[in-house]
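Asker: Need the 3D shape of this:
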Amino acid sequence: MANPVSGALRHSGSFFAYCLDALRATPRRPFQVREMIQQAWFVSSVSILPTALVAIPFGAVIALQLGTLTSQLGAQSYTGAASVLAVVREAGPIVTALLIAGAGGSAICADLGARKIREELDAMEVLGIDPIQRLVVPRVVACMIVAVLLNGLVNVVGVSGGYFFNVVMQGGTPGAYLASFQALGQIQDLVIGEIKALVFGMMAALVASYKGMTAKGGPKGVGDAVNQSVVISFMLLFALNFVITSIYFQIVPQKGT
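Answerer: Coordinates of the predicted model:
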């Protein structure tokens, strides 16, 4: 019976080596610009509508919960700052990453997995073409670009939804909502949100492409690889979010403290 710990360590080491190969192949020429544009368009087309629709209830729930909590504590004037910072720092990058990993990442994994079982990747290697440089790098770069842009969309939609629900449904003051955010928010909050989206997009694409290129066992194996890529991406995204947030609070001084 195989040891699950040794198997997990072997897969982790293989994935780390795969990430290093992708990093080394990124600056190598020629860069597949057309492939990158096509993949960026595809990922954005399957992710933009679900991302916008998910961002609205996310912003609304955050605004309603924080509005109720701050009213109980007698700190209604800080509802705007808490809601906007929660969306910009945490909810925006997380929603973006989950949608890209679930919609775009699964499609990338299925595409590369189908190429693997049809032995197209082996044929490319026989012809002297590096599959990582030709297929993986454009997809990773495309997911990173789309993640940054979608994160901006989530921020706008989420903050707008939170403003609407707080001001209209809870009777908040528009001026206090905006003034509290100006008092406590800073440009570093937006920057860390975009950095998170960039890293999350890269990780989701790397996991999806790795599971696709290592798929085996025919069509059933490709389906299993897609499921595994989504689950692994979600777990890594939350772990990375904790690490990046911890580092951010250690090195960036917060306003009002």
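Asker: What residues of stretch 110-129 count as buried?
Answerer: Residues of stretch 110-129 classed as buried: 110-113, 115-117, 121 (neighbour count, 16 or more other C-beta atoms under 10 Å). Any C-beta I mention is one placed from the backbone N, CA and C, and that applies to glycine too.
Asker: Tell me which residues are up against it.
Answerer: The contact list for stretch 110-129 (C-beta atoms under 8 Å, 6 or more residues apart in numbering) reads 130-131, 134-136, 208-209, 211-216, 218-219, 221-222, 225-226.
Asker: Now the buried members of the residues you listed.
Answerer: By neighbour count, with 16+ other C-beta under 10 Å, the contacts of stretch 110-129 hold 131, 135-136, 208-209, 211-215, 222, 225-226 as buried.
Asker: Below-threshold pLDDT in the stretch 51-200 of the chain: ranges please.
Answerer: By pLDDT under 70, the low-scoring segments of the stretch 51-200 of the chain are 74-77, 170, 172, 176-177, 180-181, 183.
Asker: hmm, back to that, same list (the buried residues of stretch 110-129) but as CSV, adding distance to residue 69.
Answerer: Listed next are the buried residues of stretch 110-129 as CSV, based on distance: C-beta to C-beta, whole Å:
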residue, distance to residue 69
110, 42
111, 45
112, 45
113, 45
115, 50
116, 50
117, 52
121, 52
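Asker: Residue 243: neighbouring residues, count only.
Answerer: For residue 243, the neighbour count with other C-beta atoms under 10 Å is 10.
Asker: For it, give me its contacts.
Answerer: Applying C-beta under 8 Å, 6+ apart to residue 243 gives no contacts.
Asker: Ok, residue 212 next?
Answerer: Residue 212 touches 108-113, 115-116, 222, 225-226, 229, counting by C-beta under 8 Å, 6+ apart.
Asker: nearest residue to it other than its sequence neighbours?
Answerer: residue 112 (3.0 Å; C-beta to C-beta, 6 or more residues apart in numbering).
Asker: Which helix in this structure has the most residues?
Answerer: Using DSSP state H, we find that the single longest helix of the chain is helix 33-73.
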